[in-house]
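[1] sharing a model that was predicted from the sequence below.
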Amino acid sequence: MGLVRLPLGMRIVTLSVASRPAVDGANLQWRQVLLTQTLTGHDWLEGQEVVKEEELLPIPNHCLDSVRDSGAVKLRSEIWSKKGFRWTATTVIDVSSVIA
């Protein structure tokens, strides 16, 4: 039984910080501060294949006050295939206990 290979196109991760302090009941406005490639060691995926990659993304110094005020950062991962498929995942991380 042959496996289907899906050739990958662009693979990026963006890091965003809140543009103002968090207020209960209000949505945060996000400002993108870092864009980087991910999964650079993979040119294609096979069906049912699980791919993981851990990266340490630096928060730029000029953004530290925003991160301290809001206590959160947002990561968005986007992967495009060369056949027109696109996958995205977004997560907001509470960093209030680890940033001083």
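    Arrived safely, thanks for sending. Residues are numbered from 1 along each chain as shown.
[2] now residue 59. Nearest residue, chain neighbours left out?
    The shortest distance from residue 59 to any non-neighbouring residue, by C-beta to C-beta, 6 or more residues apart in numbering, is to residue 67 (5.8 Å). (Each C-beta comes from the backbone N, C-alpha and C, glycine too.)
[3] what secondary structure does that neighbour sit in?
    Secondary structure for residue 67, judged by DSSP: H, G, I helix; E, B strand; the rest coil, is helix.
[4] how much space between it and residue 94?
    Distance of residue 67 to residue 94, computed by C-beta to C-beta, to the nearest Å: 11 Å.
[5] same drill for the two, tell me which one is more crowded.
    For residue 67 versus residue 94, neighbours defined as other C-beta atoms under 10 Å are more numerous around residue 67 (18 against 10).
[6] wait, isn't that one in contact with residue 61?
    No: using C-beta atoms under 8 Å as the test, residue 67 is too far from residue 61 to be in contact (10.6 Å).
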